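1. Below: sequence and its predicted model.
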Amino acid sequence: MMATNGKDASGVKDGVSSNHSSEEFAKSNGEARETPAPSKRQNGVAERPQRFTFSSEPTVEDIRRMQAEFTDERDWNQFHQPRNLLLAMVGEVGEVAELFQWRGEVAEGLPDWTESEREQLAHELSDVMIYLVELAEKCRVDLPQAVLRKMALNRLKYPASKVHGSAKKYTEYKD
């Protein structure tokens, strides 16, 4: 159940080839971009590797709009009520979990995964996000704003000075 942006997998939009660089093509297809981790040491301490970043487009609103168009074109709104979207999303989360099942711990960046396995994960995570965004739309939750409010609450629950390096729940911390 993937929403599309009007392009096929080759970067062709409406039958017209685009002249994007391979990096732009990778971005448009959801491929990860990472900067190699520096191996330099300063004062005997290894520098932290640069964090992975998402592309700036599409925005959450773009995704909502694309999925709304996709759903409208198929007359599926009659089926896309909050409960159904939630259950569909849970099913997709199960498909993500299945990809990790029986692998033991998986290293960040998935170095032992094949390109095919990475692509399958990208598809399943995309399905989860599409359903999440549509569920938020149907429930009238402005997801980006809700995230900002939730992050502010998390900062209050888990002040860095109290919880640094610990995985305890906020109810386990003492003042």
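-> Received the coordinates, thanks.

2. Restricting to C-alpha, output stretch 149-160 in CSV.
-> Extracted as CSV, the C-alpha positions of stretch 149-160 are listed here (Å, rounded to 0.1, in the frame of the first residue of the first chain):
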residue,chain,number,x,y,z
ARG,A,149,4.6,18.9,22.4
LYS,A,150,5.6,15.3,23.2
MET,A,151,9.3,16.0,23.0
ALA,A,152,8.9,18.9,25.4
LEU,A,153,7.1,16.5,27.9
ASN,A,154,9.8,13.9,27.5
ARG,A,155,12.4,16.5,28.3
LEU,A,156,10.6,17.2,31.6
LYS,A,157,10.1,13.5,32.4
TYR,A,158,13.7,12.6,31.5
PRO,A,159,16.0,15.5,32.4
ALA,A,160,19.5,14.7,31.0
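
3. which stretches of the chain have low pLDDT?
-> Under the criterion pLDDT under 70, the flagged ranges of the chain are 1-48, 175.

4. can we see that at 50?
-> For the chain, the stretches flagged by pLDDT under 50 are 1-29, 35, 37-39.

5. which residues sit against stretch 150-170?
-> Under the criterion C-beta atoms under 8 Å, 6 or more residues apart in numbering, residues Tyr173 lie in contact with stretch 150-170. For every residue, glycine as well, the C-beta is placed using N, CA and C.

6. For this protein, give the helix that spans the most residues.
-> Ranked by residue count under DSSP state H, the longest helix found in the chain is helix 115-138.

7. name the helices or strands packed onto it?
-> Based on contacts counted as 3 or more C-beta pairs under 8 Å, 6 or more residues apart in numbering; DSSP states H and E, the elements that helix 115-138 packs against are helix 60-73, helix 82-100, helix 143-157.

8. Counting neighbours, which bits of the longest one end up buried?
-> Of the residues in helix 82-100, those buried by neighbour count under the rule 16 or more other C-beta atoms under 10 Å are 85, 88-89, 92-93, 96, 99.
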